[in-house]
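> Here is the input, now give the coordinates:
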Amino acid sequence: MCGSLAASRPPLHAVQARHPGSTIVEYAAAHEIDCIIIASHRPGLQDCFLGSTASRVVRHAKCAVHVIR
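Have a look, this model is predicted:
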């Protein structure tokens, strides 16, 4: 299944110089992205107060989001 999916639609990537969480969500919406795959580390105290990129994407993306640890 993965082979047929990759052959029909190659992964997209882009480089932006703004807040990463908002940029990822906006890019996904603008390009009709079906699924976002994002890496995350184990949350610490700082992440609870500031929020992490992965948590922002999970909360705001309109498509499926897979978080990999």
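> only C-alpha atoms for contact and neighbour calcs from this point on.
Fine.
> Just after the helix ranked longest in the chain, pick out the following helix or strand.
Counting by DSSP state H, the longest helix found in the chain is helix 20-30. Per DSSP states H and E, the first helix or strand lying C-terminal to helix 20-30 is strand 35-39.
> packing partners for that next one?
strand 64-68 (3 or more CA pairs under 8 Å, 6 or more residues apart in numbering; DSSP states H and E).
> For the strand it packs on, which outside residues touch it?
For strand 64-68, the external contacting residues (CA atoms under 8 Å, 6 or more residues apart in numbering) are 34-40, 54, 57-58.
> hang on, the earlier thing: can you name the residues in contact with the longest helix of the chain?
Residues from elsewhere that reach helix 20-30 (CA under 8 Å, 6+ apart): 16, 34, 36, 52-54, 56-57, 60-63.
> Need the max-distance pair from those.
Pairwise distances across the contacts of helix 20-30 peak at 21.6 Å for D34 and S52 (criterion: CA to CA).
> Which of the two has more residues huddled nearby?
Shown here are D34 and S52; by other CA atoms under 10 Å, S52 has more neighbours (17 against 11).
> residues in contact with that one?
By CA under 8 Å, 6+ apart, the residues touching S52 are G21.
> now swap in the one 10 residues further on and tell me
K62 is in contact with 25, 29, counting by CA under 8 Å, 6+ apart.
> Name the SS class of it, please.
Following DSSP: H, G, I helix; E, B strand; the rest coil, we place K62 in the coil state.
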